[in-house]
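Engineer: let's see this in three dimensions:
(4 chains)
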Protein chains: 2
Amino acid sequence: MARKSLVVEVADSVLDRIVSGELSVDELIPGELELCETLEVSRMTVREAIKTLAAQNIIRVERGRGTYVNPVNMWNSLEAVVRATTAGVGAAAAAVQLIELRRMLETGACELAASRITEEQLAAMGELLEAMRAAHAAADLDGFVEADLEFHDVILRASGNVFVSALYEPLGRVLSSRRRETSAFAQIQQHAIAEHEHILVALQRRDSSQARQAMDNHMQQTLDDLNTFVLNR
Amino acid sequence: MARKSLVVEVADSVLDRIVSGELSVDELIPGELELCETLEVSRMTVREAIKTLAAQNIIRVERGRGTYVNPVNMWNSLEAVVRATTAGVGAAAAAVQLIELRRMLETGACELAASRITEEQLAAMGELLEAMRAAHAAADLDGFVEADLEFHDVILRASGNVFVSALYEPLGRVLSSRRRETSAFAQIQQHAIAEHEHILVALQRRDSSQARQAMDNHMQQTLDDLNTFVLNR
DNA sequence: CATAGGTAAGATGTCAGACATCTGTCATGA
DNA sequence: TCATGACAGATGTCTGACATCTTACCTATG
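Structural biologist: You can find the predicted model right below:
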């Protein structure tokens, strides 16, 4: 992996202090000159870093006054919100909330997709399901995860709603790093394959409520599997 | 309103060119020096502006190569996605898709809120509904819009899911600018009050599926009202 | 003693010029 | 024909400077 730029490092450093609670909501963050000295970088580097956090609404810059931390619900970066939430309520509770959010978007997208999906997309889903089965049989974790994610992605695109895809994208990036962790269990893979079969059938029938229900069942299964296999509770 | 900084103006200028289609996905955007000359600002100002777009994943910067436009679904800024989508499919289709997205999040949040909402929050919702009625009677549009938005906000917070609030925040900001447009119709206000009553009753009963259904009905009513009163179709 | 105005200090906004490093392309030599 | 090196164009980072906004403190006047 390429080495991170100093701008990114400075931005991460400030975000770490916010996420850890060292800097609280509405608290003044250290000024440009102080961050220069502390982090041993130029003022221009600090300014660029600060601007990237401001662009994500994590902080707000007030000319002549200072730079303040925004409330978490103002933040535009889901990654940053996940970091803050995980630090606040713990990884387990954060993971559960992420699945709750995912459930809302995926069941809604599935419902819309039922009446909008094309034959090509249905065919692609069939192939992806077959690829999941093959990867499962071959104990190919990477292959399984890739096909699983792509299956859901087709549904999102079939929803015909640009905003759902846009909002799901950061969620997908957050989830994909832990997808390998859960899909490593063969039984979870079997659950996923079975639920995907139901989803595909409902989409083939172009039955909106059945599609939504099938995806809802899948999300419930995913939540159950998370609790049983990963969180052990 | 305070005058925008040059950094913000440069960022907006580049985003305008992307959103308008003048710069397409994966296309190289003008380099730092070219933007300096074109926009008559310093290279540092251009760099800061570029960094803010990169922070929102609208563009990606590759050292030694150049800066490229990312696909819209990679963008982290809902405002930017809305601009691009509106430019692409038109304001009407974009508005419809936003309500589809809103429906997913609000019905999901309402379902969770049914079992998690506190007595204080229920009381607050009752007061907000009363405020809506009063504002409606007094033909107070601003008061009505404020109470309406706050009513929904209580539900989001009652969902107990930080991520739903985080994702809804930009959506709420996008919607609030056009809420005054739709709430200007007295009949739409009446529809909203009636649907909010059903929602509150279902939440008071702590009935998850009834709460979700009531919110779903509200979103459908909102979509119908949008089509009937605003889009005229 | 209180209020208002002015000044200064501290904060961010913007600039110009310089050098470092990465990437890609082209030319030359083997 | 292929490989290597050099150069040009791109971004990364820095230093030093000046502009402008905000706030706080001090002084003067009523």
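Engineer: burial of the spatially closest residue to A:Val41 that is not a sequence neighbour, as a residue count?
Structural biologist: Excluding the flanking residues, the one nearest A:Val41 by Cβ to Cβ, 6 or more residues apart in numbering or on different chains is A:Leu6, at 5.3 Å. For glycine as for every other residue, the C-beta is placed from the backbone atoms N, C-alpha and C. When neighbours are defined as other Cβ atoms under 10 Å in any protein chain shown, A:Leu6 has 16 of them.
Engineer: got a list of what the residue sitting nearest the centre point of chain A touches?
Structural biologist: The centroid of chain A falls nearest to A:Leu171 when counting by Cα atoms, centre = their mean (1.9 Å). Residues in contact with A:Leu171 (Cβ atoms under 8 Å, 6 or more residues apart in numbering or on different chains) are A:Leu78, A:Leu98, A:Leu101, A:Arg102, A:Leu105, B:Phe163.
Engineer: so it is in which element?
Structural biologist: Assessed by DSSP states H and E, A:Leu171 sits inside helix A:162-183.
Engineer: neighbours around A:Ser24, how many?
Structural biologist: Burial of A:Ser24, expressed as a neighbour count using other Cβ under 10 Å, amounts to 8.
Engineer: got phi/psi on the nearest residue to it once chain neighbours are set aside?
Structural biologist: Nearest residue to A:Ser24, sequence neighbours excluded (Cβ to Cβ, 6+ apart): A:Val69, at 6.5 Å. Reported as degrees, to the nearest 10, the phi and psi values for A:Val69 are phi -80, psi 130.
Engineer: please tell me how far A:Val69 sits from A:Thr182.
Structural biologist: In this view, A:Val69 and A:Thr182 are 33 Å apart by Cβ to Cβ, to the nearest Å.
Engineer: ok, now A:Asp142?
Structural biologist: When A:Asp142 is compared with A:Thr182 (using Cβ to Cβ), they lie 14 Å apart.
Engineer: who's more crowded, the two?
Structural biologist: Just comparing A:Asp142 and A:Thr182: by other Cβ under 10 Å the higher neighbour count belongs to A:Thr182, 18 against 10.
Engineer: pretty sure the more buried one contacts A:Val230?
Structural biologist: Yes - counting by Cβ atoms under 8 Å, A:Thr182 sits close enough to A:Val230 to count as a contact (5.9 Å).
Engineer: and the strands in chain A?
Structural biologist: Ranges of strands within chain A are A:59-62, A:66-69, based on DSSP state E.
Engineer: go through the ones you listed and pick out the most buried.
Structural biologist: Sort those by mean neighbour count, taking mean count of other Cβ atoms under 10 Å in any protein chain shown, and strand A:66-69 sits at the top with a mean of 18.
Engineer: is any part of it close to DNA strand D?
Structural biologist: No - Strand A:66-69 does not reach DNA strand D (Cβ under 7 Å from any atom of the strand); its nearest approach is 8.3 Å.
Engineer: which residues touch that strand?
Structural biologist: Looking at what lies outside strand A:66-69 - Cβ under 8 Å, 6+ apart - the contacts are A:18, A:23-29, A:31, A:50, A:54, A:58-62.
Engineer: out of the residues you listed, list just those in helices.
Structural biologist: A:Ile18, A:Ile50, A:Ala54 (DSSP state H).
Engineer: including pLDDT and distance to A:Ala202, could those go into CSV?
Structural biologist: Below are those laid out as CSV (pLDDT from 0 to 100; distance: Cβ to Cβ, whole Å):
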residue, pLDDT, distance to A:Ala202
A:Ile18, 96, 43
A:Ile50, 97, 48
A:Ala54, 96, 44
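Engineer: does A:Gly21 touch A:Val72 like I think?
Structural biologist: No - applying Cβ under 8 Å, one finds A:Gly21 not in contact with A:Val72, separated by 11.3 Å.
Engineer: tell me the domain boundaries of chain A?
Structural biologist: A:6-74, A:90-230 (automatic domain parsing).
Engineer: just give me the neighbour total for A:Asp12.
Structural biologist: 15.
Engineer: what about the closest residue to A:Val164 other than its chain neighbours, neighbour count?
Structural biologist: Leaving aside its chain neighbours, A:Val164 sits nearest to A:Ala109 (5.2 Å; criterion: Cβ to Cβ, 6+ apart). If you count neighbours by other Cβ under 10 Å, A:Ala109 ends up with 28.
Engineer: list the contacts for A:Ala109?
Structural biologist: Contacts of A:Ala109 (Cβ under 8 Å, 6+ apart): A:Ile155, A:Leu156, A:Ala158, A:Ser159, A:Asn161, A:Val164, A:Tyr168, B:Met104.
Engineer: ok, 10 Å please
Structural biologist: A:Ala109 sits next to A:116, A:152, A:155-161, A:164-165, A:168, A:211-212, A:215, B:100-101, B:104 when contact means Cβ atoms under 10 Å, 6 or more residues apart in numbering or on different chains.
Engineer: now swap in A:Glu22 and tell me
Structural biologist: A:Asp16, A:Ile29.
Engineer: now do it, the pLDDT please.
Structural biologist: We note a pLDDT of 94 for A:Glu22 in this prediction.
Engineer: so A:Gln220 makes contact with A:Glu106?
Structural biologist: No - using Cβ atoms under 10 Å, A:Gln220 makes no contact with A:Glu106, being 11.6 Å away.
Engineer: okay, the two: which has more neighbours?
Structural biologist: Higher neighbour count among A:Gln220 and A:Glu106: A:Glu106, with 27 against 13, using other Cβ under 10 Å.
Engineer: leaving out chain neighbours, which residue sits closest to the more buried one?
Structural biologist: A:Met215 (5.4 Å).
Engineer: angle of the helix or strand of chain A with the lowest mean pLDDT against helix B:162-183?
Structural biologist: Within chain A, no helix or strand scores below helix A:162-183, which has a mean of 83 by mean pLDDT, DSSP states H and E. Interaxial angle, helix A:162-183 versus helix B:162-183 (axes from the mean of the first three to the mean of the last three Cα atoms, to 10 degrees): 170 degrees.
Engineer: what residues sit buried inside helix A:162-183?
Structural biologist: A:162-172, A:174-175, A:179, A:182-183 (16 or more other Cβ atoms under 10 Å in any protein chain shown).
Engineer: ok, and for stretch A:90-105, which residues are buried?
Structural biologist: Buried residues in stretch A:90-105, counted by 16+ other Cβ under 10 Å: A:Ala94, A:Ala95, A:Val96, A:Gln97, A:Leu98, A:Ile99, A:Glu100, A:Leu101, A:Arg102, A:Arg103, A:Met104, A:Leu105.
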